[in-house]
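S.K.: give me a model of this one.
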Amino acid sequence: MKPNLIRYGGTVIATVFALAILNALTLQYLGVRIPPAATVLVPLMLAAAREGQIAARGKAPAPDLKMLAGAAGLCTLIFAVIALCLFVILRLTLGEAFTMPGGGAARYGLTLFTLVAAFVVNASFLSIGHRTEARKLAQKAGE
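M.R.: Below you'll find the model as predicted:
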């Protein structure tokens, strides 16, 4: 399984912007915010599941653990690049108003935790997307 990194990145970016708009609207009209973890994990879930589905449609075999780890690693790398770009843009735009919480070691720990969580989410949802699409295709072929 080799995910299309441009399509994966585009899905992540589009979902991040959609969630940002949704967050602004819910904050303005309902007075509630979308949890920050959702704005990190939901784009990864959607993009990875989509890539898994597309791989299944392309008749790719079910991914083994090594193949899944490689694909999830690539997706996590793309996520890290996108997150770094967004961080730099926000930091340059908002200046000191936009900072990461905690001091030195806490920042690195938070970053490492986020990347590990992104890897696990990517691996899980690549597999889930492939499995559900393969089942759907098998049901269609059986009809």
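
S.K.: helices or strands next to the lengthiest helix in the chain in the packing?
M.R.: For the chain, the helix with the greatest residue count under DSSP state H is helix 104-142. Here helix 104-142 touches helix 36-57, helix 65-94, going by 3 or more Cβ pairs under 8 Å, 6 or more residues apart in numbering; DSSP states H and E. In this view, the C-beta of every residue, glycine as well, is placed from N, C-alpha and C.

S.K.: tell me the angle the last one makes with helix 104-142.
M.R.: By that I understand helix 65-94. Calculated by axes from the mean of the first three to the mean of the last three Cα atoms, to 10 degrees, helix 65-94 forms an angle of 130 degrees with helix 104-142.

S.K.: go through helix 65-94 and flag the buried ones.
M.R.: 67-68, 71-72, 74-76, 78-79, 82-83 (16 or more other Cβ atoms under 10 Å).

S.K.: just name the closest of these to A106, please.
M.R.: A83 (17.1 Å; Cβ to Cβ).

S.K.: I'd like the buried residues of helix 65-94 as CSV, with distance to R91 appended.
M.R.: CSV is the format used below for the buried residues of helix 65-94 (distance: Cβ to Cβ, whole Å):
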residue, distance to R91
M67, 36
L68, 34
A71, 30
A72, 28
L74, 26
C75, 24
T76, 22
I78, 20
F79, 18
I82, 15
A83, 12
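
S.K.: would TSV of these with pLDDT and distance to L30 be doable?
M.R.: TSV is the format used below for these (pLDDT from 0 to 100; distance: Cβ to Cβ, whole Å):
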residue	pLDDT	distance to L30
M67	92	43
L68	92	39
A71	94	38
A72	95	35
L74	95	37
C75	95	32
T76	95	33
I78	95	32
F79	94	29
I82	93	28
A83	89	27
